[in-house]
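Undergrad: Okay, here's the prediction I keep looking at, along with the sequence it came from:
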Amino acid sequence: LETLPHKFQQMLEPLSVQGEQYGSCLLVNNAGSVGPLGLVSSVEFSMKEMRQAIDLNVTSSMWVSSQFTKAFLAPTSATKSPLVRIANISSLCAIEPFPTMSIYCAGKSGRDMFHSVLAKEHSSNSMQNEKEADDREEQKQRFKVLNYAPGPCDTQMTDELAECAVLDDGLRKYFTTSKLENKLVRPGDTAEKLVQILCLDKYDSGSHLDYYDA
């Protein structure tokens with residue numbers, strides 16, 4: 001986490017300087033891990049492990065989105081900023097509790113709320129005059145945030161959950177059975193669904209959409 005600001009700014013700076021050359025800019029904020037697992041009442045992981053999980057899954061995500069927003073929506077810029085879209089890769093765990101996955105659920109929920117607040121900050125209707133109202137309406141169209149839950153994907157993460165001894169028995173059986181019966185979502189399919197949603201651009205900024213609902 002200590003090296004993230006320097007490395008991200010190195011990548012972001014040349015893009016933001018040339019921001020007016022782009023018609024649109026998209027950030028897919030997907031970095032994260034499943035984190036420590038187990039019953040809250042019998043956790044055996046340390047505070048350090050918990051902090052590392054929150055730093056990776058929440059802190060870094062919030063910082064990256066905030067810097068991306070700042071770079072491409074600079075209000076003092078003399079040039080018109082491009083369309084800016086942020087897709088936070090969420091999860092059903094962000095809105096529903098799953099036993100033995102407390103830290104993962106907390107992280108996903110925290111990310112969702114942060115990005116919903118970010119969307120709200122750029123859609124406020126409290127204006128001082130008509131010009132500001134027009135400017136805000138234009139900004140609402142230029143900047144949107146989506147919390148997208150990709151569904152239970154067939155990835156290394158679900159393989160690890162299916163083999164995890166401390167995972168809730170019902171969840172472990174679900175992942176094992178879904179894998180065997182080929183019911184997990186293919187990464188390519190959910191990525192295609194996300195692209196379709198973003199291209200149609202019909203979603204409410206800050207909303208949570210699931211692969212099965214969209």
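TA: Sure thing, it's come through. Numbering: from 1, shown residues only.
Undergrad: Could you double-check that Tyr211 sits in contact with Lys193?
TA: Yes - with contacts counted by Cβ atoms under 8 Å, Tyr211 reaches Lys193, the gap being 5.7 Å. (C-beta placed from N, C-alpha, C; glycine too.)
Undergrad: just so I have it, where are all the strands in this structure?
TA: Ranges of strands in the chain, per DSSP state E, are 24-29, 83-89, 143-149, 207-210.
Undergrad: next one: the shortest one to chain centre, how far?
TA: What it means is strand 207-210. 11 Å (Cα atoms, centre = their mean, to the nearest Å).
Undergrad: still on that earlier bit, make a markdown table from the strands of the chain and add distance to Phe98, mean neighbour count and mean pLDDT to it.
TA: Formatted as a markdown table, those follow (distance: least, Cβ to Cβ, whole Å; neighbours: other Cβ atoms under 10 Å; pLDDT from 0 to 100):
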| stretch | distance to Phe98 | mean neighbour count | mean pLDDT |
| --- | --- | --- | --- |
| strand 24-29 | 21 | 16 | 93 |
| strand 83-89 | 17 | 21 | 95 |
| strand 143-149 | 13 | 24 | 97 |
| strand 207-210 | 15 | 18 | 98 |
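Undergrad: Turn those strands into a markdown table, columns for distance to Leu15.
TA: Output for the strands of the chain, formatted as a markdown table (distance: least, Cβ to Cβ, whole Å):
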| stretch | distance to Leu15 |
| --- | --- |
| strand 24-29 | 8 |
| strand 83-89 | 12 |
| strand 143-149 | 16 |
| strand 207-210 | 27 |
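Undergrad: intersection of neighbour lists for Tyr211 and Lys193?
TA: The contact sets of Tyr211 and Lys193 overlap at Pro150 (Cβ atoms under 8 Å, 6 or more residues apart in numbering).
Undergrad: measure Asn182 to Pro97 for me?
TA: The gap separating Asn182 from Pro97 is 27 Å, by Cβ to Cβ, to the nearest Å.
Undergrad: give me the beta-bridge partners of the nearest residue to Pro187 once chain neighbours are set aside?
TA: If the residues on either side of it in the chain are set aside, Pro187 comes closest to Cys153, at 5.3 Å by Cβ to Cβ, 6 or more residues apart in numbering. Taking DSSP bridges as the rule, Cys153 bridges to Val185.
Undergrad: ok, how many other residues are close to Cys153?
TA: Look at Cys153: counted by other Cβ atoms under 10 Å, it has 17 neighbours.
Undergrad: what residues are up against it?
TA: 184-187, 190.
Undergrad: residue ranges for the helices of this protein, please.
TA: For the chain, helices defined by DSSP state H occupy the ranges 4-17, 47-54, 60-72, 102-121, 130-142, 156-162, 169-180, 187-200.
Undergrad: so which of the strands of the chain gets nearest Val64?
TA: Set against Val64 and scored by Cβ to Cβ, these come closest in strand 24-29, at 6.0 Å.
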